[in-house]
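Engineer: This is a predicted model, with the sequence first.
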Amino acid sequence: MVKSEEELGWKDLEVGCAVSDAGNASQYKTGDWRSLRPIWDKTKCIRCGVCYIFCPDMAIQKTEEGYFEADLYYCKGCGICAQECITGCITMVEEEE
Amino acid sequence: MGERVGIEVSLAAAEAVKMANADVIAAYPITPQTHIVEHLSELVNDGELDAEFIPVESEHSAMSVCCGSSAVGARTFTCTSSQGMALMNEIIFCAASMRFPIVMILANRSLNGPLSIWNDHSDVMSIRDCGWIQVFTENGQEVFDHVMFAFRVAENPSVSLPVIVNLDGFVLTHVIEPIEFWNQETVKKYLPDFKPVNQLHPDNPITLGAFGMPGVFTETKKAQDEALIKSKPEILKAWEEMGNLVGRHYKPVETYKAEEAETVFLTMGSFGETVSVAVDELRAQGKPVGQIKLRLWRPFPFEEFREAVRGHKRIIVLDRALSYGGPGGPVASEVRAALYQEENMPAITNFLCGLAGRDVTAKDYIAMYEQTEQMAQGKVKQEDYIIYGVRE
């Protein structure tokens, strides 16, 4: 685990700000961009996985029962999952502090 | 010692790039840089230089190709002027922040408009803060030597920064001069193989050019500033070693007849030699006049510059670009800033001259000296800057 950007001093940076540590984009929290959150209605969900396929941030994960939920560390609340859902089981709700 | 040949400066510059054994050349022809690029494409086509010559569709692409080729570890060269440089602008800044050791010859030409193909320094001054190492040359020999110097400094792993070698368009690019070529052995001694600090390679994936969030951007800029400042000792070393090998000794700030001079001219580039002629004439008349030449523009050699001007009463700063609505020419601004905290700061007069190739002769410099004397004696008003010879 590399230092978070708040901990990095200028001497910690690699030459030309190269990033030699592969895969560290996963540390980047995009969840705090969100103003709307997707919620699933399990009574309508047919577990087809369309939401999982369409999510541009790979922020939807499968639960043990085969349903889907958003990983709120990454979910930006774009609403593409709700738009694409075949049965209309996903609703975007306002984030409340 | 190499062979001394009579050759056009542009061709000599291309031959120097060949002797430095560049791997990739990506460039788009533009006056007055054209002969350099044309000759390099001939050398590659004729099999004299084993390099990829990439004939790009624009200068923006030229600099983009250079970034890519430098990233994979190829010794990379490009060359441009004026509008071409302006089209490259976006990527010029990327090359420095990503620390790609690209070498660029900038055949200085005025920026439009009106459309002009002739020589001044408005192109390079518009990218003053681009983060590249920037040097100026005064004649063809200096151009040849500084191609070697540029590769040597840029690729030094403790520097890893791009370098611009400035030479005046036409005044240098299109003149035939006697130039002492280095022999290949000397080049080999001076210029080690290029080993990039970071290399794009499938065996060791890394990310170059990632975005920087507000939380880290300031730190990236501090690191870049430090890198440029700290390149200076390596620059000095590269000049010193060149001096030992070929007997020509370059410095960040050079002087000519500056001892006991009350007034010194400050020059950059090819005008320096004409000013030296004017200094000779003024000295013959018993006037205490000398000359300071600024070779290294970035990183600015504060220490050497302050040392060089110490004890002089007046500096005549020659600028070859305007800062419209600003405090004078860009060189004068820098000089004033560099000396602001100094005790006994010399008086500075600033002449803008030689815009878009207008001739400035030794006689003109003598006239500037006389005008400066009159300002010093209070006979005419001391102006912040004077556009020399402009017609009312």
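Structural biologist: Okay, I see it. Numbering: from 1, shown residues only, chains lettered A, B, ... in the order given.

Engineer: Can I get whichever strand or helix holds residue B:316 in CSV? Just the C-alpha atoms.
Structural biologist: Here residue B:316, judged by DSSP states H and E, is contained in strand B:314-319. The C-alpha trace of strand B:314-319 is given here as CSV (Å, rounded to 0.1, in the frame of the first residue of the first chain):
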residue,chain,number,x,y,z
ARG,B,314,25.0,50.3,-15.7
ILE,B,315,23.7,47.3,-17.6
ILE,B,316,22.3,47.7,-21.1
VAL,B,317,20.0,44.8,-21.5
LEU,B,318,19.1,43.8,-25.1
ASP,B,319,15.8,42.1,-25.6
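
Engineer: ok, residues contacting it?
Structural biologist: The list of residues contacting strand B:314-319 from outside it, by CB atoms under 8 Å, 6 or more residues apart in numbering or on different chains, reads B:121, B:262-268, B:271, B:275, B:292, B:309, B:328-332, B:335, B:346-354, B:368-369, B:372, B:376, B:385. Any C-beta I mention is one placed from the backbone N, CA and C, and that applies to glycine too.

Engineer: and what of stretch B:128-135?
Structural biologist: So stretch B:128-135 is contacted by B:92-93, B:95-97, B:104, B:124, B:146, B:149-150, B:153-154, B:159, B:161-166, B:224, B:228, B:231, B:235, B:295-299, B:330 (CB under 8 Å, 6+ apart).

Engineer: What parts of chain A come near chain B?
Structural biologist: Residues of chain A lying near chain B by CB under 8 Å from any CB of the partner chain: A:5-6, A:8-20, A:22.

Engineer: out of the residues you listed, who's nearest residue A:76?
Structural biologist: The shortest approach to residue A:76 among these belongs to residue A:5, at 18.6 Å (CB to CB).

Engineer: Now do the same contact list for the closest one.
Structural biologist: Going by CB under 8 Å, 6+ apart, residue A:5 touches B:213, B:215, B:216.

Engineer: What does the pLDDT read for the nearest residue to residue B:169 once chain neighbours are set aside?
Structural biologist: In this structure, residue B:169 finds its nearest non-sequential neighbour in residue B:32, 3.6 Å apart by CB to CB, 6 or more residues apart in numbering or on different chains. On the pLDDT scale, residue B:32 is placed at 98.

Engineer: Residue B:142 looks like it's in a helix, true?
Structural biologist: Yes: according to DSSP: H, G, I helix; E, B strand; the rest coil, residue B:142 belongs to a helix.

Engineer: how about the strands of chain A, start to end?
Structural biologist: A:36-40, A:60-62, A:68-70, A:90-94 (DSSP state E).

Engineer: got the buried residues for the second one?
Structural biologist: Of all the residues in strand A:60-62, those buried under the rule 16 or more other CB atoms under 10 Å in any protein chain shown are residue A:60.

Engineer: Can you give the contact residues for it?
Structural biologist: Counting by CB under 8 Å, 6+ apart, A:49, A:51, A:52, A:68, A:69, A:70, A:71, A:75, A:81 sit against strand A:60-62.

Engineer: pLDDT score for the fourth one?
Structural biologist: What the model reports as pLDDT for residue A:68 is 97.

Engineer: list the contacts for it?
Structural biologist: Contacts of residue A:68 by CB under 8 Å, 6+ apart are A:40, A:45, A:47, A:49, A:51, A:52, A:60, A:61, A:62.

Engineer: Same check on the second one?
Structural biologist: When the contact criterion is CB under 8 Å, 6+ apart, the partners of residue A:51 are A:38, A:60, A:68, A:81, A:84, A:85, A:90.

Engineer: The fifth one too?
Structural biologist: Taking CB under 8 Å, 6+ apart as the definition of contact, the neighbours of residue A:69 are A:40, A:60, A:61, A:63.

Engineer: can you give me the strands in the stretch 201-350 of chain B?
Structural biologist: Remark: strands assigned in the stretch 201-350 of chain B by DSSP state E, counting those that start in this stretch are B:253-256, B:263-267, B:289-294, B:296-298, B:314-319, B:347-352.

Engineer: What is the burial count for the nearest residue to residue A:80 once chain neighbours are set aside?
Structural biologist: Nearest residue to residue A:80, sequence neighbours excluded (CB to CB, 6+ apart): residue A:54, at 5.3 Å. As a burial measure, residue A:54 scores 14 neighbours (other CB atoms under 10 Å in any protein chain shown).

Engineer: what do you get for residue B:15?
Structural biologist: 23.

Engineer: Model confidence at the spatially closest residue to residue A:84 that is not a sequence neighbour, what's the number?
Structural biologist: Using CB to CB, 6+ apart and skipping the chain neighbours, the partner closest in space to residue A:84 is residue A:54 (4.5 Å). Listed pLDDT for residue A:54 reads 98.

Engineer: where's residue A:54 relative to chain B, distance?
Structural biologist: 25 Å (CB to the nearest CB, to the nearest Å).

Engineer: Pull the distance from the helix or strand where residue B:366 lies to the chain's centre.
Structural biologist: Element membership for residue B:366, per DSSP H and E: helix B:362-376. Here helix B:362-376 is found 27 Å from its chain centre; the criterion is CA atoms, centre = their mean, to the nearest Å.

Engineer: I would like the residues contacting the very next helix or strand once past that helix, please.
Structural biologist: Proceeding N to C from helix B:362-376, the next assigned helix or strand is strand B:386-387, under DSSP H and E. Here strand B:386-387 makes contact (CB under 8 Å, 6+ apart) with B:322, B:349, B:350, B:351, B:352, B:353, B:371.

Engineer: May I have the beta-bridge partners of residue B:168?
Structural biologist: On the basis of DSSP bridges, residue B:168 is bridged to residue B:108.

Engineer: For it, grab the count of nearby residues.
Structural biologist: 30.

Engineer: Can you tell me how far it is from chain A?
Structural biologist: 31 Å.

Engineer: And that residue, how far from residue A:43?
Structural biologist: Distance of residue B:168 to residue A:43, computed by CB to CB, to the nearest Å: 79 Å.

Engineer: before we move on, what about residue B:229?
Structural biologist: In terms of CB to CB, residue B:229 sits 66 Å off from residue A:43.

Engineer: Compare the two (neighbour count), which wins?
Structural biologist: residue B:229 (13 against 7).
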